[in-house]
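Student: The following comprises the amino acid sequence and a computationally predicted model.
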2 protein chains.
Amino acid sequence: MPLNRDDLLELDRQDPLADHRDAFDIPEGVIYFDGNSLGALPKAAKGRVREVVEQQWGQGLIRSWNEADWINLPQRLGAKIAPLIGAQPHEVISADSTSVNLFKLAAAALRIQQQTSRERRVILSEPGNFPTDLYMLQGLCDFAAGEPELVTEPADSLIDRIDESTALVVLTHVHYKSGRLHDMTAITRRAHECGALVLWDLSHSTGAVPVELNDVGADFAIGCGYKYLNGGPGAPAFMFVAERHLSTLQQPLSGWFGHESPFDMRDDYAPAPDIRRVLTGTTSVVAASLFEVGLDRFRDVDMFALRKKSMSLTEHFIQLVEERCPNAGFELVSPREPQQRGSQVSFAHPEGYAIVQALIDRGVIGDYRSPDILRFGFAPLYVQYVDLWGAVEHLADIMCNRLWENPQYRHRRQVT
Amino acid sequence: MPLNRDDLLELDRQDPLADHRDAFDIPEGVIYFDGNSLGALPKAAKGRVREVVEQQWGQGLIRSWNEADWINLPQRLGAKIAPLIGAQPHEVISADSTSVNLFKLAAAALRIQQQTSRERRVILSEPGNFPTDLYMLQGLCDFAAGEPELVTEPADSLIDRIDESTALVVLTHVHYKSGRLHDMTAITRRAHECGALVLWDLSHSTGAVPVELNDVGADFAIGCGYKYLNGGPGAPAFMFVAERHLSTLQQPLSGWFGHESPFDMRDDYAPAPDIRRVLTGTTSVVAASLFEVGLDRFRDVDMFALRKKSMSLTEHFIQLVEERCPNAGFELVSPREPQQRGSQVSFAHPEGYAIVQALIDRGVIGDYRSPDILRFGFAPLYVQYVDLWGAVEHLADIMCNRLWENPQYRHRRQVT
């Protein structure tokens, strides 16, 4: 029997995470399926940013580095991210952008390998990985000593490509476009069998798909603050370094916030004895404080309930689209098996760009990814089951009435 | 005749910049001489941050990348910084931290040199340069291909140390500790005569000491957003690339925001044709928006009036300290000649740390720099002449009554 609106309302009534919705500001008339690109505003962020700007900065001024504990923001945020990714609190820290952090940890991994072998020079990733990951690795290989080399291998055969030449495997756990999950356990094990290290990009996982970094034995990870963690536009990112690497890790962006004693103002760099050694410049205090509000929302969240809701949302969305738009030309790009899928659903359609614009015009916000992908992300903390119904009502109307043919929807704009 | 309070009040009455004071939130009872470390809060920042968080993020969500023009923040801010440093608008951009930006541009400079000579490998700086600059250069030399080498030479003899082996000179224009100014014109000319490039760190200049980058022929510059530019704690920093280097510049932190077409999501990096090629990750939107408020304050400021007031403030402060605390043991560390001094005054004193703490306790906020420096920064937009009087009243009292002997002032804390 096809799904109907009442089925979805019933799922909302049974949802153990339903109360979180009210902690976010979702604009009237908007169905927001783009929390995988920019998470929604936690209501508590409004008061926090006012406090940080007006009180801590305005009144406390320079004293707030101590009195408001700005100095420990990176570690404090890291400790709050740790339980979401199966890490220990002292293995995680927040700073900079995902791109910059990838550079730091990939360079650190190469350095570890260079100390034992000059032959192990390959960084292995997949074609179609999130672009900035590939771009940063290209920049690193182009500039770093030791002639590192970036090799890409499609996901299906990647695990077999790992060998004695592999220094580092860099993959995004949940693929940004398809939502496909990599098997972290198998890839990490295979890499370690070959003597390679592994760096996981968790940008599309953290806050939606529970990850157990230490259970799988990951070496390094990075992730994004502004997607499912709701840290605000351009929020700082984070880094994970497994405890076994912490005391020896060397990274090239060795700025003063990573120094063992930054305010001694010595001429020679000496890394902090702990995770702070991956820090570089001054903490972006206002941005980090906003990020903390997003993280605090996860404090009492059962990550398994979160994953269960995420899988259920994506499953029901696929079912609804296929039931309500059966001959509209949508091809499911995401894995059909929920265990192999992150918290998003992607469909390919030749008119994908225009369809996404028509949806946005009606308040249904997903996004488009080149060349033909409609992408819908489901942040389990604030997306309701009934939102699925509303969104697919609009989608069905757009497809039945070919509303995407409207020329205003076909003009290409930048969308991030 | 010794200065008195009325003289200073008269200077305030004649000050053409006096009206700017009211645009800043200076806490009641505070005399703030630490704007060289963290600038004060522009009152307009309160409304702006509320708009960005509540409206642009909360209501606009992902649409604000276009509709609120988040995507162009880095260039827009750069264009507003340009007139303060004698650059063209398209030569400046805001992003990341000063430390990260130094790495990008120093690596880019090395790359330029490597294309013509493998022998030109020396990066020249001075001992006692701002620590993060030296640390970042150490990291760069340690990791980069081509065996670059960091050499430091004291300021007095540095210009003579530039030779055919010098790839790049990296100096901070105004020294963070002493306030001493480097002769940008002479050093840049000498470097170019030897085939070297020059990267100026303007962290302690921009917004207080006018700089003419293009007049002196500088190649690269970086600077800080949270000091005299009042961008907020940990504000994004900025980069300058002379037009002649823009179209060929290559930098290693080649993230998606520096790509010629980031939302095409291609696998291969291709740099933007313009200054955006020095960008890396996603713009920190809230932080950049706050920075813009600080920059907008400079829109109608005559930089020569600013410099004149800055020199007058520092001159009168030195005079007052020497008149009111004649035998207190203060040794002027900053140059006595105002033309050779930035907008700060530093004194050495064996009890410097405790004296600074005693001052802070009385609301006179300067800072301490290891090993014995009391540092006072004068942000000409909001420091009043009469503030000098109030501060030195407290200082004289502390010194006459040996209040710094109080044990609570002698316990070392972190101060940034």
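Tutor: Okay, I see it. Numbering: from 1, shown residues only, chains lettered A, B, ... in the order given.

Student: Below-threshold pLDDT in chain A: ranges please.
Tutor: Applying pLDDT under 70 to chain A flags the ranges A:412-416.

Student: So which residue is smack in the middle of it?
Tutor: Central residue of chain A (CA atoms, centre = their mean): residue A:203, 1.7 Å from the mean position.

Student: and the closest residue to residue A:316 other than its chain neighbours, how many neighbours?
Tutor: Once flanking residues are discounted, residue A:316 sits nearest to residue A:388: 5.6 Å by CB to CB, 6 or more residues apart in numbering or on different chains. To be clear about C-beta, it is placed using only N, CA and C from the backbone, and glycine gets the same treatment. Other residues within reach of residue A:388, judged by other CB atoms under 10 Å in any protein chain shown, total 26.

Student: do the one 5 residues further on as well
Tutor: Close neighbours of residue A:393, defined as other CB under 10 Å, add up to 16.

Student: how close does it sit to chain B?
Tutor: Distance, residue A:393 to chain B, by CB to the nearest CB, to the nearest Å: 20 Å.

Student: And the helices in chain A?
Tutor: A:5-14, A:44-50, A:64-67, A:73-81, A:98-114, A:131-143, A:155-161, A:184-193, A:213-216, A:243-246, A:285-296, A:303-324, A:352-361, A:385-400 (DSSP state H).

Student: a markdown table please, covering those and showing distance to residue B:135.
Tutor: Below are the helices of chain A laid out as a markdown table (distance: least, CB to CB, whole Å):
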| stretch | distance to residue B:135 |
| --- | --- |
| helix A:5-14 | 53 |
| helix A:44-50 | 31 |
| helix A:64-67 | 19 |
| helix A:73-81 | 17 |
| helix A:98-114 | 14 |
| helix A:131-143 | 18 |
| helix A:155-161 | 36 |
| helix A:184-193 | 31 |
| helix A:213-216 | 29 |
| helix A:243-246 | 19 |
| helix A:285-296 | 21 |
| helix A:303-324 | 38 |
| helix A:352-361 | 45 |
| helix A:385-400 | 49 |
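
Student: Cross-check the contact I'm expecting between the residue nearest to residue A:316 and residue A:319.
Tutor: No: counting by CB atoms under 8 Å, residue A:388 does not reach residue A:319; the two are 9.0 Å apart.

Student: Show me which strand runs longest in chain A.
Tutor: Counting residues, the longest strand found in chain A (DSSP state E) is strand A:166-172.

Student: which residues touch that strand?
Tutor: A:102, A:106, A:109-110, A:113, A:120-126, A:129-130, A:133, A:137, A:148, A:158, A:162, A:182, A:187, A:191, A:194-204 (CB atoms under 8 Å, 6 or more residues apart in numbering or on different chains).

Student: Could I have the ChimeraX command that selects the buried members from those?
Tutor: A single ChimeraX command selects the buried members of the contacts of strand A:166-172 (16 or more other CB atoms under 10 Å in any protein chain shown):
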select /A:102,106,109,110,113,120,121,122,123,124,125,126,129,130,133,137,148,158,162,182,187,191,195,196,197,198,199,200,201,202,203,204
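
Student: Also near chain B: which of the contacts of strand A:166-172, exactly?
Tutor: Within the set of the contacts of strand A:166-172, contact with chain B (CB under 8 Å from any CB of the partner chain) is found for residue A:129.

Student: buried set for stretch A:368-378?
Tutor: For stretch A:368-378, by 16+ other CB under 10 Å, it's A:368-369, A:373-378.

Student: Closest residue of the stretch 1-150 of chain A to chain B?
Tutor: Nearest residue of the stretch 1-150 of chain A to chain B, counting by CB to the nearest CB: residue A:97, 2.6 Å away.

Student: who touches residue A:350 in this structure?
Tutor: So residue A:350 contacts A:329, A:372 (CB under 8 Å, 6+ apart).

Student: nope, residue A:336 is what I was after
Tutor: residue A:318.

Student: please redo it, this time with the cut-off set to 10 Å
Tutor: By CB atoms under 10 Å, 6 or more residues apart in numbering or on different chains, residue A:336 lies in contact with A:315, A:318.

Student: Residue A:313 now?
Tutor: Residue A:313 neighbours (CB under 10 Å, 6+ apart): A:8, A:11, A:15, A:33, A:208, A:338, A:343-345, A:376-380, A:383-385, A:387-388.

Student: burial of the closest residue to chain B within the stretch 151-300 of chain A, as a residue count?
Tutor: Proximity of the stretch 151-300 of chain A to chain B (CB to the nearest CB) peaks at residue A:281, 2.6 Å away. Other residues near residue A:281 come to 27 when the count uses other CB under 10 Å.

Student: Could you do residue A:128 as well?
Tutor: Count around residue A:128 with other CB under 10 Å applied: 18.

Student: Quick check: it touching residue A:134?
Tutor: Yes: the criterion here is CB atoms under 10 Å, and residue A:128 meets it with residue A:134 at 8.7 Å.

Student: Quick check: neighbours shared by those two?
Tutor: Listed as contacting both residue A:128 and residue A:134 by CB under 10 Å, 6+ apart are A:152, B:266-267.

Student: I only care about these that end up buried; give me the PyMOL line for that.
Tutor: Per 16+ other CB under 10 Å, the buried members of those correspond to this PyMOL selection:
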select buried, (chain A and resi 152) or (chain B and resi 266)
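
Student: mind giving me the domain split of chain A?
Tutor: A:5-41+A:302-409, A:69-296 (automatic domain parsing).

Student: which of those domains sits most buried?
Tutor: domain A:69-296 (a mean of 22; mean count of other CB atoms under 10 Å in any protein chain shown).

Student: From one end of that domain to the other, what's the distance?
Tutor: 17 Å (CA to CA, to the nearest Å).

Student: repeat for stretch A:393-409
Tutor: 19 Å.

Student: Over to stretch A:368-383?
Tutor: 19 Å.

Student: Kindly report the same for stretch A:374-384.
Tutor: Start-to-end, stretch A:374-384 (CA to CA) is 20 Å.
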